[in-house]
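*Asks:* The following block contains a protein sequence and its predicted model.
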Amino acid sequence: MSKTTVMYLVRHGATAQNEATPVVLQGSGVNGPLNENGQRQARQVADCLSRLPLAAVYCSPMLRARQTAEAIATPHSLDIVDIADLHEVDVGSWEGKSWPRIMEEDPDYYRAFMDNPAETPYRDGESYRHVLQRVLPEFDRLLDEQAGRSFAVVAHNVVNRVYAAHLLGLDLRRARDLRQENCCVNVIRRKSDRTELVTLNAALHLSVD
């Protein structure tokens with residue numbers, strides 16, 4: 001009988017940049033902690049996943065992902081394992097800027113990026129294609145290493161979007177249309193060498209105070 005492997009792919013909890021008005025791009029250069037709401041979200045997703053038999057918890061090395069992963073790992077008495085290549089997209093010289101500011105300062109390049117982020121990188125940074133090429137081997141390796149078990153991975157908005165788009169067979173430029181709420185859960189299942197996304201952006205566990 002074929003063994004089923006399940007990966008619970010989580011986006012990290014909210015940070016100050018995520019909840020700024022307007023939102024500020026933090027990419028891989030801004031490495032701040034979860035804010036108060038993000039800590040609450042991390043506790044909620046940890047409670048949701050505490051009922052599952054997780055064999056391991058992996059994460060991006062960035063602080064917001066590590067803090068979320070630590071919350072998930074604690075009920076299972078697991079140590080978290082950093083995966084260097086699961087860091088968030090490099091947004092280059094747009095780091096720390098809002099989309100309205102980018103649109104005003106760099107309108108032509110902004111439009112080119114929005115038309116096709118798969119092939120047009122963030123200014124001086126990575127494209128969606130670059131991110132997928134970086135993260136896909138890592139996800140495949142983890143699924144191989146944890147064959148027949150369930151495990152969690154905490155990563156980032158763009159990382160999760162491009163991987164989900166790949167699994168769904170979407171044109172990669174459409175990855176930005178896939179929502180990833182802070183501390184959402186995506187369920188990826190591998191069976192008989194077939195890897196599929198069975199749940200996208202689940203967030204029912206995130207209550208609002």
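*Replies:* Cool, the structure landed. The model shown is predicted, which means the values in this text are computed figures rather than measured ones. Numbering: from 1, shown residues only.
*Asks:* Next, give phi and psi for the closest residue to L197 other than its chain neighbours.
*Replies:* Using CB to CB, 6 or more residues apart in numbering and skipping the chain neighbours, the partner closest in space to L197 is L167 (4.2 Å). For every residue, glycine as well, the C-beta is placed using N, CA and C. Per-residue torsions, L167: phi -70, psi -30 (degrees, to the nearest 10).
*Asks:* what's across from the spatially closest residue to T4 that is not a sequence neighbour in the sheet?
*Replies:* In space, and not counting its chain neighbours, T4 is closest to K191: 4.7 Å by CB to CB, 6+ apart. Beta bridges link K191 to T4, R194, judged by DSSP bridges.
*Asks:* what residues are up against the residue nearest the centre of the chain?
*Replies:* The residue lying closest to the centre of the chain (CA atoms, centre = their mean) is H156, at 2.6 Å. By CB atoms under 8 Å, 6 or more residues apart in numbering, H156 lies in contact with 11-12, 60, 62, 65, 86-89.
*Asks:* Output these in a markdown table; the columns should cover distance to A42.
*Replies:* Shown next, in a markdown table, are those (distance: CB to CB, whole Å):
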| residue | distance to A42 |
| --- | --- |
| R11 | 11 |
| H12 | 8 |
| S60 | 14 |
| M62 | 14 |
| A65 | 10 |
| L86 | 17 |
| H87 | 18 |
| E88 | 17 |
| V89 | 21 |
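*Asks:* need those residues in a markdown table with neighbour count, can you?
*Replies:* Below are the contacts of H156 laid out as a markdown table (neighbours: other CB atoms under 10 Å):
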| residue | neighbour count |
| --- | --- |
| R11 | 29 |
| H12 | 30 |
| S60 | 25 |
| M62 | 25 |
| A65 | 29 |
| L86 | 26 |
| H87 | 22 |
| E88 | 25 |
| V89 | 25 |
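*Asks:* Closest one of the residues you listed to G32?
*Replies:* Set against G32, the nearest of the contacts of H156 by CB to CB is M62 (9.2 Å).
*Asks:* The closest one and E88 touch, don't they?
*Replies:* Yes. M62 lies in contact with E88 (CB atoms under 8 Å); the separation is 6.3 Å.
*Asks:* any common contacting residues for the two?
*Replies:* By CB under 8 Å, 6+ apart, the residues touching both M62 and E88 are 28, 156.
*Asks:* Any stretches of this structure with poor pLDDT?
*Replies:* Within the chain, the ranges that satisfy pLDDT under 70 run 1-2, 208-209.
*Asks:* Mind doing that once more with 80?
*Replies:* In the predicted model of the chain, residues 1-2, 207-209 satisfy pLDDT under 80.
*Asks:* hey, where'd the helices end up in it?
*Replies:* Here the chain has its helices, by DSSP state H, at 36-49, 63-73, 99-105, 107-115, 128-145, 157-168.
*Asks:* Now tabulate these in a markdown table and tack on distance to F151.
*Replies:* Shown next, in a markdown table, are the helices of the chain (distance: least, CB to CB, whole Å):
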| stretch | distance to F151 |
| --- | --- |
| helix 36-49 | 10 |
| helix 63-73 | 10 |
| helix 99-105 | 34 |
| helix 107-115 | 34 |
| helix 128-145 | 7 |
| helix 157-168 | 15 |
